[in-house]
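>>> Here is the input, now give the coordinates:
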Amino acid sequence: MAVSKTRDLLVDVARRLFAQEGVEKTTMNDIAVASHKGRRTLYTYFKNKDEIYYAIVESELETLSQSLWQVVNRPMAPEDKLTLYIYTRLDAIKDVVARNGSLKAEFFKDISKVESVRRSFDRGEVRAIEAMLMEGIEKGVFSILSVPMTASIIHNSLKGLEVPYIRESVGQRTTSIEIRKQVVMDFLFNGIRKKGKSY
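Numbers count the residues shown, from 1 in each chain. Have a look, this model is predicted:
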């Protein structure tokens, strides 16, 4: 088995065990046994359980990044694209946390661990938002003085919405595309769209 396949197997097994038993209760030995690999093999790839946890978060963020760039590259109106991007992102993060069971508790218990792993994702996301904003400017839809600053503000605003959205204290009943678009317009577009534009 190739190196990357072995590592991916270990990450997938750990993800399943963490979701079922919790990160604290799962041991390195549990992961080695469930993956049918020896402890030596496991320690070849990961020094400890935290490294495996970070690898799981990185894997989930890579999947999320790919799905978000698919939105960025879709041929659609910039304001619709930005709306779709925002809700795709929030829904995907909520799904990741829900799918991983007890990782939800771990996620909230020490969010700083997650933050340290997601720096690369954050940089990529700012680039994605900048691309959508630039497209909106080129199409005459958005009026923005500083694309990097605006992208950074949007990115940080989305990060601030993650925990309330996951905990379902915001947005859980907002399923209509028109309502979602209005929420995004109220939150964001009124500051960046060209005067006289109406959606």
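
>>> How much space separates Phe121 from Glu115?
Going from Phe121 to Glu115 by Cβ to Cβ, to the nearest Å gives 10 Å. C-beta: built from backbone N, CA, C; applies to glycine.

>>> swap in Val72?
Val72 is 23 Å from Glu115, by Cβ to Cβ.

>>> Now tell me what touches the helix or strand containing Ser120 from outside.
Following DSSP states H and E, one finds Ser120 within helix 119-138. Defining contact as Cβ atoms under 8 Å, 6 or more residues apart in numbering, one finds that helix 119-138 is touched by 61-62, 64-65, 68-69, 72, 78-79, 81-82, 85, 89, 142-144, 147-148, 150-152, 154-155, 158-159, 192.

>>> Just the buried positions in it, please.
121, 124-126, 128-133, 135-137 (16 or more other Cβ atoms under 10 Å).

>>> Just the helices from this protein, written as ranges.
With DSSP state H as the definition, the chain shows helices at residue ranges 3-21, 28-34, 39-45, 49-72, 78-99, 103-109, 111-117, 119-138, 147-166, 177-184, 190-192.

>>> Give me the helices and strands touching the fifth one, please.
Judged by 3 or more Cβ pairs under 8 Å, 6 or more residues apart in numbering; DSSP states H and E, the packing partners of helix 78-99 are helix 49-72, helix 103-109, helix 119-138, helix 147-166, helix 177-184.

>>> Domain boundaries for this protein, per the record?
1-47, 49-192 (automatic domain parsing).

>>> Pick out the shakiest of these, pLDDT-wise.
Sorting the domains of the chain by mean pLDDT places domain 49-192 lowest, at a mean of 79.

>>> gap between Phe142 and Ala98?
Counting by Cβ to Cβ, the gap from Phe142 to Ala98 is 33 Å.

>>> Look at the two and report which has more neighbours.
Taking other Cβ atoms under 10 Å, Phe142 and Ala98 do not tie; Phe142 has more neighbours (23 against 12).
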